[in-house]
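[1] Next one to model:
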Amino acid sequence: MQKRATTMSATEITAARKLVDAAINKSSESNVFLNANPRRNHYELKPRSAPKLGQGDADSEPYPPELREAAIKLTELDAATGGMNTSQHLHRRALGPYWLEELGRKYPGTNPFGQDSAGYKVFRNVRDYGATGDGLKDDTDAINKAIKDGNRCTEGCGSTTVKGAIVYFPAGTYLVSRTTVALYHTQLVGDVSVPPSP
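    Below you'll find the model as predicted:
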């Protein structure tokens with residue numbers, strides 16, 4: 001029987017996080033390479049080349065059991081500690097920003113099928129567009145600017161998913177006074193390490 005995540009020692013938690021972080025870094029490097037060198041689909045019918053059911057993709061590698069177990073334990077641990085009080089939230093924030101924020105700044109993503117792929121930002125932090133998240137200043141314009149940035153498909157465009165975007169909201173209270181735009185292929189993501197207060 002697997003050891004429950006809530007009974008893990010600090011040493012075991014640190015080792016599990018190192019293992020998962022190393023896998024994420026390796027995956028990030030692989031994604032950077034694949035974005036720089038996209039493989040185009042070639043559809044050819046070859047005799048006896050169809051994969052058997054359940055065979056899977058020949059290019060994919062199964063995750064090692066120790067990585068899978070570490071990821072499961074950390075997920076359980078994070079779920080078990082989800083009901084943090086205010087002081088615990090502050091302690092969690094003192095450890096640093098949510099991993100997506102750091103990853104987004106290091107690897108902002110690319111847009112391989114757009115016309116202006118060189119300067120296009122897939123990852124956008126609303127703070128970079130003027131949002132404060134202090135609950136006092138109206139952040140509507142900054143949020144809309146973050147969503148629309150990069151000559152995306154807006155009014156009169158029809159529909160397209162060529163230019164996707166991840167719009168990230170760091171922990172805070174965002175004052176919104178009007179409707180925010182909802183463009184195709186847009187994900188609005190918050191800092192899940194500090195869930196919203198009721």
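
[2] can I see the domain layout of the protein?
    1-81, 97-198 (automatic domain parsing).

[3] Please identify the deepest-packed of these.
    The highest mean neighbour count among the domains of the chain, using mean count of other Cβ atoms under 10 Å, belongs to domain 97-198: a mean of 15. Bear in mind the C-beta positions are built from the backbone N, C-alpha and C, glycine included.

[4] related to what we said a few turns ago, can you tell me which of the domains of the chain the model trusts least?
    Mean pLDDT per stretch puts domain 1-81 lowest among the domains of the chain, at a mean of 71.

[5] Is it correct that residue 147 is in contact with residue 181?
    Yes: using Cβ atoms under 8 Å, residue 147 is in contact with residue 181, at 5.2 Å.

[6] and stretch 181-194, C-alpha only, in CSV?
    Extracted in CSV, the C-alpha atoms of stretch 181-194 (Å, rounded to 0.1, in the frame of the first residue of the first chain):
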residue,chain,number,x,y,z
VAL,A,181,-13.5,40.3,-23.8
ALA,A,182,-13.8,36.5,-24.5
LEU,A,183,-11.6,35.6,-27.5
TYR,A,184,-11.3,32.2,-29.0
HIS,A,185,-8.6,29.9,-27.6
THR,A,186,-8.0,32.0,-24.4
GLN,A,187,-7.3,30.5,-21.0
LEU,A,188,-7.7,32.7,-17.9
VAL,A,189,-5.6,31.2,-15.1
GLY,A,190,-5.1,32.3,-11.5
ASP,A,191,-2.6,31.4,-8.8
VAL,A,192,-4.1,28.1,-7.4
SER,A,193,-1.7,28.2,-4.4
VAL,A,194,-3.8,31.0,-3.0
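
[7] what's the first-to-last distance across stretch 148-163?
    One end of stretch 148-163 sits 10 Å from the other (Cα to Cα, to the nearest Å).

[8] Correction: the previous question concerned stretch 144-161.
    Length of stretch 144-161, first residue to last, Cα to Cα: 18 Å.
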